[in-house]
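>>> Predicted structure and sequence below. I'll ask about it afterward.
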Amino acid sequence: MENRIYIKELAHYRGIPLTENQKKYVAKEPYYDLSELPSGNIKEEVRAFLQDRSKKVDMATFYGERTRYKKICRFLSRYAKNINSLADIEKDVWMKKLKVWMFQEGIEITKKSETVYGTVALVKTREFGYLNAMLDFVCRQEMPEREKDIWQLEKLDIPYKDNLIKSSKTVNFTGISQKEIREEVKKGIYLNLQGEAIACVQKEMTAIRRLSKYLKERHPQIQSCRELEREIIEEYLTYLKTEATETKHFHADINRLRAVLESIGHTCGYQNLCTLFLTRDIPPTPKAEFRAYSDEELIRLNAAIVKMDEQTARLMVIHQMLGTRISDTLTLETNCLYEKGSDTIIRIRQMKTSTYEKPVSAELAALIKKAITYTQERFGETQYIFVNENNPNKPMQYGMIQSRVVRMIREQDIRDDHGNLFGFGSHLYRHYYGVKLTEMHLDDWTIAKLLGHSNLKNVKFYRKMSNQILADDTRKARQKLSDILLKNLDGWGDEYEQIRQDGGM
């Protein structure tokens, strides 16, 4: 068979709109060369891996991984000469051989990794992860997905509630050291995936991994969930309160642990798991500090935001002018605006609750339309206004916008009123929005409607509004709020013009 796998000919990349940067390197017809591998069977295993890999990563990543691929080929050409399949040798053995080979070749084995917040850690280089992915594919491709220790969510035979802006592709059970407990957890998680959001399931995995680590250290004799007793749980709860340092609050952790253990109890018939926890075991939810930006902080932050690339700047300005959650801003759809009488209405599909609508000012509507035009000119017709540049069918990822904003803050040393570096306080914009509404003396129901809340808590009256009534009753308030926010953007001239570009504003 052909030894060259041309990237642009892979089925998953055909027909996907390319960015200008992608067009440049695809024009050079880059390819993966299988001739560098030692045997025919290993070549076919790697060919299948590359075809599968192209379905999981975007084109830019797949292109960039060629450097790691070439190193792995050189490694295999030395250590895989006399074997028929990569599955013939245990993964741990392969990893040790790779470490030795890289040391002999003078290739960096570890590197410093710095997060956007400045935290530095020493991690293995990506060659290890790449070989690990290759071995996982080869060794487990014939195994039913539910029997694997790392599930590819897209390969499961059930629908699941994905997070559009924080994509989860796998559920990893390898951190559970007790083999029998690991298999029991798989059954409970499979059940929970059918009714819970993937974010909740991932929190359950964190909670069960923490319990597994505790059991390994303090109760190594326990190898199955059916052996768990109330006394063990009481000891574990004491440990969380007095010794655990991973987090300050375990309210969510204990809740998720109880949920997954009860699911295991239902699927495995372990009645003991349904009575392990008492209501008093769950600590109260820690009261979060309510914070909002001051006017001065918002001015300083916006002065830097408008100097970022124009679409990111538009996103952040639209986000604060809408008063939405960041997940709702990132998933705004290109058909979200419509005219009703003299008002422009926006439809916001909240990821956490339900869809709601509210009127927006002419200035905000013009900015949103400019953002839509920007995306359509570069990626054609898309569902979302702010798209993942590597996969325009998906919305921009939370991690991407967080990385851009935090990096900008650190590079420009932008600080709050207390002299501390700003974090990525995307929700503080929503707080600011709500605070300004209360300062306008609007009633609680109007504020709730403008923020997208479906009900009122601790209020004495409830008044339902149609969009038209809401438009009439809040027109002055909305305009005043837009004027306040626009004033915070005023005076920057060219910087603000790059995101506004007249656009009717």
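Great, that's in hand.
>>> From residue 211, how far off is the residue nearest to residue 209 when sequence neighbours are not counted?
Ranked by Cβ to Cβ, 6 or more residues apart in numbering and with sequence neighbours excluded, the top spatial neighbour of residue 209 is residue 175, at 4.2 Å. Where you see a C-beta, it was placed from the backbone N, CA and C, and this is true even at glycine. Taking Cβ to Cβ, to the nearest Å as the criterion, residue 175 is separated from residue 211 by 11 Å.
>>> If you count surrounding residues, which of these two has more?
With neighbours defined as other Cβ atoms under 10 Å, residue 175 and residue 211 compare such that residue 211 has more, 24 against 14.
>>> CA atoms of the helix or strand hosting the more buried one as PDB?
With secondary structure defined by DSSP states H and E, residue 211 is part of helix 198-218. Provided in PDB are the C-alpha atoms of helix 198-218 (Å, rounded to 0.1, in the frame of the first residue of the first chain):
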ATOM      1  CA  ILE A 198     -20.300  15.200  31.500                       C
ATOM      2  CA  ALA A 199     -19.000  17.900  33.900                       C
ATOM      3  CA  CYS A 200     -20.800  16.200  36.800                       C
ATOM      4  CA  VAL A 201     -19.500  12.800  35.700                       C
ATOM      5  CA  GLN A 202     -15.900  14.200  35.600                       C
ATOM      6  CA  LYS A 203     -16.400  15.500  39.200                       C
ATOM      7  CA  GLU A 204     -17.600  12.000  40.200                       C
ATOM      8  CA  MET A 205     -14.400  10.600  38.700                       C
ATOM      9  CA  THR A 206     -12.300  13.100  40.700                       C
ATOM     10  CA  ALA A 207     -14.100  12.100  43.900                       C
ATOM     11  CA  ILE A 208     -13.800   8.400  43.400                       C
ATOM     12  CA  ARG A 209     -10.100   8.700  42.500                       C
ATOM     13  CA  ARG A 210      -9.500  10.500  45.800                       C
ATOM     14  CA  LEU A 211     -11.300   7.800  47.700                       C
ATOM     15  CA  SER A 212      -9.300   5.100  45.900                       C
ATOM     16  CA  LYS A 213      -6.100   6.800  46.900                       C
ATOM     17  CA  TYR A 214      -7.200   6.900  50.500                       C
ATOM     18  CA  LEU A 215      -8.200   3.300  50.500                       C
ATOM     19  CA  LYS A 216      -4.900   2.200  49.000                       C
ATOM     20  CA  GLU A 217      -3.000   4.100  51.800                       C
ATOM     21  CA  ARG A 218      -5.200   3.400  54.800                       C
END
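>>> Return the set of buried residues in whichever helix or strand comes after it.
Sequence-wise, the next helix or strand downstream of helix 198-218 (DSSP H and E) is helix 230-242. Burial within helix 230-242, assessed by neighbour count using 16 or more other Cβ atoms under 10 Å, is assigned to 232-233, 236-237, 240.
>>> Let's have the residues you listed in TSV, adding distance to residue 207 and pLDDT.
Output for these, formatted as TSV (distance: Cβ to Cβ, whole Å; pLDDT from 0 to 100):
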residue	distance to residue 207	pLDDT
232	15	94
233	12	94
236	11	93
237	12	92
240	10	89
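>>> Just put these in JSON lines and tack on distance to residue 159.
Compiled in JSON lines, these are given as follows (distance: Cβ to Cβ, whole Å):
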{"residue": "232", "distance to residue 159": "35"}
{"residue": "233", "distance to residue 159": "33"}
{"residue": "236", "distance to residue 159": "34"}
{"residue": "237", "distance to residue 159": "35"}
{"residue": "240", "distance to residue 159": "34"}
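>>> Tell me how far residue 107 lies from residue 42.
21 Å.
>>> Looking at those two now, which is surrounded by more residues?
Remark: of residue 107 and residue 42, residue 42 carries more neighbours, 22 against 14, as counted by other Cβ under 10 Å.
>>> Quick check: which element contains that one?
Assigned by DSSP H and E, residue 42 falls within helix 40-53.
>>> can you pull the buried residues of that helix?
Residues of helix 40-53 classed as buried under the neighbour-count rule (16+ other Cβ under 10 Å) are 42-43, 45-47, 49-50, 53.
>>> for the following helix or strand past that helix, which positions count as buried?
Per DSSP H and E, the first helix or strand lying C-terminal to helix 40-53 is helix 59-64. Across helix 59-64, burial judged by 16+ other Cβ under 10 Å covers 59-60, 62-63.
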